[in-house]
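Enquirer: Sequence isn't available, so here's the structure alone:
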């Protein structure tokens, strides 16, 4: 393998060395006779300008002198397979499709970052492990990204050779037939989703619709006009009543507004976690025929709606695995999305049952960024590694890396980018991933730095939740005086109870160390990253925000413990933490406004203000 090939962020399957090197000329011509290759060629040109100082241009005529030529080659079996040849005289890409050529050019961009002006001669033969390689982004628990943010995200995912994006929608869409559903939540408009889809098409990313269709519809059921459709006997709740014809009529309306916008053949109808199923209005039916069968009967009605719109239904697999007796009743064209977010998760090995039932399966690990500011890095990496290995063993169709926003979605998007890249590497060539140095490789390719303290900072942020049981994400929104959530009057943020025994002596010591030295060092290391690329600066800013919020959470731990023991927290400590909370709140608000729609910003800002005001009261008055 050529020097540096092992340092690629997305590993290649086969790379053979050749003698000699290729040197980029001062004004290289990047040639393809196909207009479809213009977008990745221009991205390569940007990389060359940044890393070699060359002044490239994109050309069409292969008969004229060129440094790089992209050719279509029909002899490759996989539509995403490609050949990359680097010789002394020039570079050639052989690809059967525009998508394959796109991925070859991403590999070349990575090689330029590693080697700069002079590339070692080699032969790359490459194709993905999984056909579907995606990211699933929660847009319904607080943050609704702007179109500009989503376009940047699409470009990042495509550079990782991911080919699918799903946005989790509960109510954040302007349904023409039910306009009140998204009101007040900064919903996506049809025009915005079409703009995102157009951008996805430029980068060979399938924009797959996703809509909560059974459970997790509490925001809809909270509206007076829809309360009666809930499973809960008194109305409302989180789950549609599967025996109410009105629930199917509602979903028919929503599907009719939503699905025609999307070109993708697949549609994720969700169907996960119908918490109240069989506990309310469908109790008698479930007692008579079984909850699994009642669930499946409702799914079949949704499936009929999907077929009507020409969509292949995708369904989270948790309830099917909980009721395996219905496996034989599942329509054969449904794709099951098997999710589990821990490496030792019980559902991961059960992928085998789904595959043996003859159903197409997608394995779905997670970034472990939810209810966290900097993610649970080690858990996320091991979760992806184990799930990807299982998916390969049972010939899964894809890997969909999920990124949720529970509890107000305070977790910054950029903190999940390491997880996206790690999931992408395993989706493309899992056996080639070097787990021990992956974070350093991420920092080099995405943040543009080789500083070892930058990788250490990411590991620090990703280890806060593992190192201490105090859960800093929750402590940010916790009252020092009562140990309860500061969420009164903030309906979009779930209240928490931290518990008196949460921060014991060992936990308090760990939190003090993190707040006083470790997290400030991590923030300092991130501040020292001189990110030349605008996108990298965005990621660094998000990581700095994560460090600041974690400092607030860890700083609260000793105060919460002191108050629980009947002691009076130090006024000086409360005053200092109030200042830190105010600074974090200002940074948080600015970050949110740059990346997202207004949506639930007010709720999160109120949570942080409540915390600051309480700390000032405990300190003896406002500053």
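Expert: Yes, it's here. A quick note: this is a predicted structure, and the numbers were derived from the prediction, not measured.

Enquirer: Just the helices from the stretch 251-400 of the chain, written as ranges.
Expert: In the stretch 251-400 of the chain, helices defined by DSSP state H, counting those that start in this stretch lie at 283-289, 291-308, 318-322, 351-356, 377-393, listed in chain order.

Enquirer: of those, which approaches residue 260 most closely?
Expert: Comparing the helices of the stretch 251-400 of the chain against residue 260 with Cβ to Cβ, the closest turns out to be helix 291-308 (10.9 Å). The C-beta positions use only the backbone N, C-alpha and C, and glycine is treated the same way.

Enquirer: Rebuild the helices of the stretch 251-400 of the chain as a markdown table, extending it with distance to residue 186, mean neighbour count and mean pLDDT.
Expert: Putting those into a markdown table (distance: least, Cβ to Cβ, whole Å; neighbours: other Cβ atoms under 10 Å; pLDDT from 0 to 100) gives the following:
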| stretch | distance to residue 186 | mean neighbour count | mean pLDDT |
| --- | --- | --- | --- |
| helix 283-289 | 37 | 14 | 97 |
| helix 291-308 | 27 | 19 | 98 |
| helix 318-322 | 29 | 19 | 98 |
| helix 351-356 | 36 | 19 | 98 |
| helix 377-393 | 28 | 22 | 98 |
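
Enquirer: so which of the ones you listed comes closest to residue 371?
Expert: If we rank the helices of the stretch 251-400 of the chain by Cβ to Cβ, the stretch that ends up nearest is helix 377-393, at 12.3 Å.

Enquirer: packing partners for the closest one?
Expert: Based on contacts counted as 3 or more Cβ pairs under 8 Å, 6 or more residues apart in numbering; DSSP states H and E, the elements that helix 377-393 packs against are helix 351-356, strand 360-364, strand 398-403, helix 417-429, helix 452-467.

Enquirer: how is this protein carved up into domains?
Expert: Per automatic domain parsing, the domain ranges recorded for the chain read 5-126, 132-433, 454-618.

Enquirer: I'd like to know how far residue 84 sits from residue 68.
Expert: Shown here: residue 84 relative to residue 68, a distance of 10 Å by Cβ to Cβ, to the nearest Å.

Enquirer: now swap in residue 189 and tell me
Expert: Taken as Cβ to Cβ, the span from residue 189 to residue 68 is 40 Å.

Enquirer: who has more neighbours, these two?
Expert: Summary of the neighbour comparison: residue 189 and residue 68, criterion other Cβ atoms under 10 Å, with residue 68 having more neighbours (24 against 12).

Enquirer: hmm, which helix or strand of this structure has the shakiest average pLDDT?
Expert: The element with the least model confidence among the helices and strands of the chain, by mean pLDDT, DSSP states H and E, is helix 505-513, at a mean of 83.

Enquirer: buried ones in that one?
Expert: Buried residues in helix 505-513, counting neighbours by 16 or more other Cβ atoms under 10 Å, are found at 507-508, 510-512.

Enquirer: tell me the two of the residues you listed that are most distant?
Expert: 507 and 512 (9.7 Å).

Enquirer: who touches both of the two?
Expert: Taking Cβ atoms under 8 Å, 6 or more residues apart in numbering as the contact rule, the neighbours common to residue 507 and residue 512 are residue 557.

Enquirer: returning to that earlier point: tabulate the helices of the stretch 251-400 of the chain (CSV), appending distance to residue 526.
Expert: Listed next are the helices of the stretch 251-400 of the chain as CSV, based on distance: least, Cβ to Cβ, whole Å:
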stretch, distance to residue 526
helix 283-289, 52
helix 291-308, 44
helix 318-322, 37
helix 351-356, 37
helix 377-393, 15
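
Enquirer: which stretch among these comes nearest residue 572?
Expert: For the helices of the stretch 251-400 of the chain, proximity to residue 572 was assessed by Cβ to Cβ; helix 377-393 is nearest, at 33.3 Å.

Enquirer: just for the stretch 351-500 of the chain, where's the confidence low?
Expert: 469-470, 496-500 (pLDDT under 70).

Enquirer: again, 90 this time
Expert: 407-408, 450-452, 465-472, 474, 482-500 (pLDDT under 90).

Enquirer: do the same with the stretch 201-350 of the chain
Expert: Counting by pLDDT under 90, the stretch 201-350 of the chain contains low-confidence residues at 233-236.

Enquirer: ok, residue 417 touching residue 443?
Expert: No. Between residue 417 and residue 443 there is no contact under Cβ atoms under 8 Å: 10.9 Å.

Enquirer: out of the two, which sits in the more crowded spot?
Expert: Per other Cβ under 10 Å, whichever of residue 417 and residue 443 has more neighbours is residue 417, with 29 against 23.

Enquirer: any idea how far residue 338 is from the more buried one?
Expert: Taking Cβ to Cβ as the measure, residue 417 falls 24 Å from residue 338.

Enquirer: same question, residue 459
Expert: Distance, residue 459 to residue 338, by Cβ to Cβ: 29 Å.

Enquirer: Compare these two (neighbour count), which wins?
Expert: A direct count of neighbours by other Cβ under 10 Å for residue 459 and residue 338 places residue 338 higher, at 28 against 16.

Enquirer: list the contacts for that one?
Expert: Residue 338 makes contacts with 317, 321, 347-348, 350-351, 354, 361-364, as judged by Cβ under 8 Å, 6+ apart.

Enquirer: The same query, at a cut-off of 6 Å, please.
Expert: Counting by Cβ atoms under 6 Å, 6 or more residues apart in numbering, residue 338 touches 317, 347, 351, 361, 363.

Enquirer: Isn't the third one up against residue 394?
Expert: Looking back up the chat, that one is residue 351. Yes. Assessed by Cβ atoms under 6 Å, residue 351 is found in contact with residue 394 at 5.1 Å.

Enquirer: I'd like to know how many residues surround residue 584.
Expert: Other residues within reach of residue 584 by the criterion other Cβ under 10 Å amount to 23.

Enquirer: try residue 328
Expert: The local packing count at residue 328 equals 8, with neighbours defined by other Cβ under 10 Å.

Enquirer: Any idea how many residues pack against the residue nearest to it when sequence neighbours are not counted?
Expert: The shortest distance from residue 328 to any residue that is not its chain neighbour, by Cβ to Cβ, 6 or more residues apart in numbering, is 7.2 Å, and that residue is residue 357. Residues contacting residue 357 under the criterion other Cβ under 10 Å number 15.

Enquirer: Excluding chain neighbours, what is closest to residue 84?
Expert: The shortest distance from residue 84 to any non-neighbouring residue, by Cβ to Cβ, 6+ apart, is to residue 124 (3.9 Å).

Enquirer: now the helices for the stretch 51-200 of the chain?
Expert: According to DSSP H, counting those that start in this stretch, the helices that the stretch 51-200 of the chain contains are 98-115, 147-159, 190-202.

Enquirer: Strands of the stretch 51-200 of the chain, residue ranges please.
Expert: Secondary structure of the stretch 51-200 of the chain, counting by DSSP state E, counting those that start in this stretch: strands at 57-59, 68-72, 82-87, 90-95, 118-126, 132-138, 164-168.

Enquirer: Any idea which of those strands gets closest to residue 242?
Expert: Of all these, the one in closest proximity to residue 242, counting by Cβ to Cβ, is strand 164-168 (21.2 Å).

Enquirer: do you know how far residue 441 is from residue 68?
Expert: From residue 441 across to residue 68, the span is 24 Å (Cβ to Cβ).

Enquirer: now residue 201
Expert: 24 Å.

Enquirer: cool, and residue 15?
Expert: Residue 15 is 18 Å from residue 68, by Cβ to Cβ.

Enquirer: Neighbours of residue 477, how many?
Expert: The burial metric for residue 477, expressed as a neighbour count using other Cβ under 10 Å, is 27.

Enquirer: which residues touch it?
Expert: By Cβ under 6 Å, 6+ apart, the neighbours of residue 477 are 485-486, 607.
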